[in-house]
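Undergrad: sequence and predicted structure are below.
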Amino acid sequence: MRSKSRLLSRFFLLACALLCLSCRINALAQTPAPANAAYVAGQIDLMEGDVRIVDKQNARRAVKVGDKVYEGDSITTGATGEIHMTMEDQGFIAVRPNTKMRIAQYRAEGDDDDKGVLSLLVGSMRSITGWIGKYHPKSYAINTPTATIGIRGTDHEPKVIPEGSSEGDAGTYDKVNAGGSFINTPQGNVDVTPNHAGFAPHDGRVAPHMLASVPSFFRPTRNEHLIEGKHDQIQRIVQQKREERRQQIRSGLRPTRAPIVNGARPNPVQRLQQAREQQKQNVQPARPEATAAQAHSTSNGNGTPKADKRQEKTKPNNHEDKRKKPHEK
C-alpha cells in the first residue's frame, strides 16, 4: 500500500508540474507579435560566393537558399558573390558581384498600398518587376546616389559606378531588356527603351540621356542562363498570384507582417504560436459537397431517406400488437 501511495503522489506532482508548464507556454504564446515586425520582401533562390546580409539595425544574419529577406535588409556581395531572390510580388532580383544595395521598402499584399523601393549604392543588379511594377509603377523605384530609376513593367539592369573607378564614367546607368524605364534627376529625365542604356552623370551637370551603344560592362554573369525567360514567365502568373495574395489576406490565412523583430528569426514561442494559428486555420467547417454526398448515401436515390436497419429490428410491430390485443381480451 505504501509503494502504491508513493507512486500516486509522484504522479500527482508530475501532473501539477506539467500543468504549470503548459500554462506558462500558453501565456507566452499568446503574446502578440511586436508592432515593428518587418515585412517579408522575398526569398533566396540562389546564393554563391561572398554574400553578406545585415538588418536595419546593422546586425549580420546568416542566410541560405530558401531563407527570407526582409524590408530593411542590406545586401553586400564581394568579387565572387551573387544572390537571386524571388520577391513577394513575384518580381525577381539578381544582385551582381561587387554590389551594395538595400531593400528600403517592400510591401506586397495585393492592394493599393503596395510599394517597392530599393537603394543601389554601388555595383549592379538585374530586376524584373512583379505586380507592384505592373499595377502600381509609380510606387516602385530604385534610388541611387545620383538619380531615381522608375519602371514600366520592366526587365532592366541598373548600375552605379563610383568616382575613381576604372570601369567607366561615374554615375547611374540603366540597361533595359524588356518593357521600359526612366532615369530622373533634378536636371531632367530620359526614357530608356529595350536594348538601350541610359546614363545620369555623377557630377549632375548634365541631364540624363541615352547612350549611343550599350556599354561593354553590361555582360552576362555565370548564372545568366537561369534568368532568361523569367520576364515572360512572371507576366503569365503575376495577376493570378496577386489575386491569391488578396484572398489570403482577406481570409486571414497570411499575416500582414512577418513575426520577427529587426530581421531576427522567430523564437520557439513565436514558432509555437504560428503552429497553433495554422492548426486553427486547418479546422474548417464541412463543405457543402461533403454534406450532399452524405445525404445521398443515406437516401434511396429518389430523395427519400433510407430506413435505419437497426431501428427496423428493434421497432415493435404495431400490426402484430393490434392482432394480439383482441385475443388477449
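TA: On my side now, so go ahead. Numbering: from 1, shown residues only.
Undergrad: three-state assignment of Ile249?
TA: Three-state call for Ile249 (DSSP: H, G, I helix; E, B strand; the rest coil): helix.
Undergrad: nearest residue to it in space, ignoring adjacent ones along the chain?
TA: The shortest distance from Ile249 to any non-neighbouring residue, by CB to CB, 6 or more residues apart in numbering, is to Glu109 (5.4 Å). (Each C-beta comes from the backbone N, C-alpha and C, glycine too.)
Undergrad: a strand runs through the one you found, doesn't it?
TA: No - counting by three-state DSSP, Glu109 is not part of a strand but coil.
Undergrad: quick one, grab the pLDDT at it.
TA: Note on Glu109: pLDDT of 94.
Undergrad: quick check: phi and psi at it.
TA: Backbone geometry at Glu109, expressed as degrees, to the nearest 10, gives phi -120, psi 10.
Undergrad: was I right about it contacting Glu243?
TA: No - at 12.0 Å, Glu109 does not count as touching Glu243 under the criterion of CB atoms under 8 Å.
Undergrad: so which of the two has more stuff around it?
TA: Using other CB atoms under 10 Å as the criterion, Glu109 and Glu243 rank with Glu109 on top: 18 against 12.
Undergrad: now the more buried one: how far from Tyr39?
TA: Relative to Tyr39, Glu109 is positioned 9 Å away (CB to CB, to the nearest Å).
Undergrad: show me what the helix or strand hosting Lys241 is packed up against.
TA: Assigned by DSSP states H and E, Lys241 belongs to helix 230-251. On a contact count with 3 or more CB pairs under 8 Å, 6 or more residues apart in numbering; DSSP states H and E, helix 230-251 meets strand 115-128, helix 131-135.
Undergrad: any residues touching the shortest one, and which ones?
TA: Contacts of helix 131-135 from elsewhere in the structure, counted by CB atoms under 8 Å, 6 or more residues apart in numbering, are 89-91, 108, 110, 114-116, 139-140, 151-154, 235, 238-239, 241-242.
Undergrad: out of those, which end up buried?
TA: Buried by 16 or more other CB atoms under 10 Å: 89-91, 108, 110, 114-116, 139-140, 151-154, 235, 238, 241-242, out of these.
Undergrad: and stretch 49-68, end to end?
TA: The straight-line separation of the ends of stretch 49-68 (CA to CA, to the nearest Å) is 18 Å.
Undergrad: buried residues in that stretch?
TA: Val51, Arg52, Ile53, Val54, Asp55, Lys56, Arg61, Val63, Lys68.
Undergrad: identify the residues contacting the third one.
TA: Contacts here follow CB under 8 Å, 6+ apart; on that basis Ile53 touches Arg60, Arg61, Val63, Val69, Asp73, Ser74, Ile75, Thr76.
Undergrad: give me the distance between the last one and Arg242.
TA: Here the criterion is CB to CB. By it, Thr76 lies 31 Å from Arg242.
Undergrad: ok, now the fifth one?
TA: Shown here: Asp73 relative to Arg242, a distance of 23 Å by CB to CB.
Undergrad: same question for the fourth one.
TA: Note on Val69: its distance to Arg242, by CB to CB, is 20 Å.
Undergrad: same question, Thr154
TA: According to CB to CB, Thr154 and Arg242 sit 17 Å apart.
Undergrad: also Ala212?
TA: According to CB to CB, Ala212 and Arg242 sit 39 Å apart.
Undergrad: okay, now the unreliable bits of the stretch 101-250 of the chain?
TA: Across the stretch 101-250 of the chain, nothing is flagged by pLDDT under 70.
Undergrad: helices of the stretch 151-300 of the chain, residue ranges please.
TA: Assigned by DSSP state H, counting those that start in this stretch, the stretch 151-300 of the chain shows helices spanning 230-251, 268-282, 288-297.
Undergrad: burial measure for the nearest residue to Glu71 once chain neighbours are set aside, as a count.
TA: Counting by CB to CB, 6+ apart, Glu71 lies nearest to Tyr39, which is 4.3 Å off, once chain neighbours are set aside. Residues contacting Tyr39 under the criterion other CB under 10 Å number 19.
Undergrad: tell me the confidence at Tyr39?
TA: At Tyr39, the model reports a pLDDT of 90.
Undergrad: wait, isn't it in contact with Tyr70?
TA: Yes - here Tyr39 reaches Tyr70: they are 6.7 Å apart, a contact under CB under 8 Å.
Undergrad: touching stretch 173-186 from outside, list them.
TA: Where contact means CB under 8 Å, 6+ apart, the residues beyond stretch 173-186 that reach it are 129, 146-161, 172, 189-200, 204, 207-208, 211, 214-215, 218, 231.
Undergrad: now, which of those lie within strands?
TA: Counting by DSSP state E, these place 148-151, 155-161, 172, 189-192, 196-200 in strands.
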